[in-house]
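**Student:** Sequence first, then the predicted structure, then my questions.
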Amino acid sequence: MKRVSDIDPGRISRPPDRVKVILAEGEQKNQGFVIKRVEMRQFIERKDDWLGDYSLLTVLVETDKGTAEMKYDEGFRGPDALDSAVTMLTQYVGLASLINRALIELLQQ
């Protein structure tokens, strides 16, 4: 199965520090793909005594034809970085846009 990513592989070569599942066991159809799972992942890359954790937030979209992992955000975002990003993504039209972006990545490979 195809796996694409727009992230330097060295940054996501280990398991994420935290994961939030946004969609699981899904059968949502979009542009000829079946979206099976969507999750947001947090990789804490470093800690600063004053600024806190530097996080890389990625989104993993798993379909019947492959998986795409894309950078969502990064920086010193505070202790609630993952929860805040998931809330923002799910409360606005961001989820549909994100899924479409992942499908475009898969189609281009």
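**Tutor:** Perfect, thanks for sending it. Numbering: from 1, shown residues only.

**Student:** so where's this protein uncertain?
**Tutor:** The chain contains residues with pLDDT under 70 at 26, 93.

**Student:** Show me the helices in it, by range?
**Tutor:** Taking DSSP state H to define them, one finds helices in the chain at 81-91, 94-108.

**Student:** export these to JSON lines and tack on mean neighbour count?
**Tutor:** In short, each C-beta sits where N, CA and C put it, glycine included. Rendered in JSON lines, the data for the helices of the chain read as follows (neighbours: other C-beta atoms under 10 Å):
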{"stretch": "helix 81-91", "mean neighbour count": "17"}
{"stretch": "helix 94-108", "mean neighbour count": "15"}
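
**Student:** For these, give me CSV that also has distance to residue 62.
**Tutor:** Shown next, in CSV, are the helices of the chain (distance: least, C-beta to C-beta, whole Å):
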stretch, distance to residue 62
helix 81-91, 16
helix 94-108, 9
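
**Student:** Can you tell me which of those is nearest to residue 25?
**Tutor:** helix 94-108 (15.7 Å; C-beta to C-beta).

**Student:** quick check: angle from the closest one to helix 81-91?
**Tutor:** 90 degrees (axes from the mean of the first three to the mean of the last three C-alpha atoms, to 10 degrees).

**Student:** No further queries at this time; thank you.
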